[in-house]
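> Based on what follows, work out the 3D shape:
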Amino acid sequence: MQLTPPGAPDQGAPAVSVCLHVLKKRADFIAASRALRCGTTGFHLQARKRAEGEAQGIRVGFTCSKKVGNAVARNRAKRRLREIARLILPQHGLDGWDYVLVGRKSVTDTLPFEQMKSDLVRALAKVHP
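Residues are numbered from 1 along each chain as shown. You can find the predicted model right below:
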């Protein structure tokens, strides 16, 4: 049985490595909340095209309010959102865009993972022109 060393690329990763930058500033989250939105069963997607020269690459942020549940439920929901973003955004996200994934009450942490992935692909198709 062959084990891959820590830090080795995942088999499902794209051939060209696309680095996702994580949003950390409140102003970036607010700017995304004022832009395009798409609701899905498991989460809300907020997306905006950045101005020229503002930043490079695909940027993504994650948020879950206390409505999602206690700390355990919120952290589980954010872990799931991070993972679907890691798997889907390199192929379907566009360079020069900011994306914010917002967890939903009692759904994000329990919805089947494959459905969440397909919801993100569908939501990205709706927000991109």
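
> Is it correct that residue 90 falls within a helix?
Yes. Secondary structure assignment places residue 90 in a helix (DSSP: H, G, I helix; E, B strand; the rest coil).

> how deep is it tucked in, by neighbour count?
The burial count assigned to residue 90 is 16, neighbours taken as other CB atoms under 10 Å. (Each C-beta comes from the backbone N, C-alpha and C, glycine too.)

> For residue 22, see how far away it is.
Between residue 90 and residue 22 the distance is 14 Å, computed by CB to CB, to the nearest Å.

> And for the residue nearest to the spatial centre of the chain, nearest residue in space, chain neighbours not counted?
Relative to the mean C-alpha position of the chain, the nearest C-alpha, by CA atoms, centre = their mean, is the one of residue 85, at 3.7 Å. Distances taken as CB to CB, 6 or more residues apart in numbering put residue 60 closest to residue 85, at 5.0 Å, once the chain neighbours are dropped.
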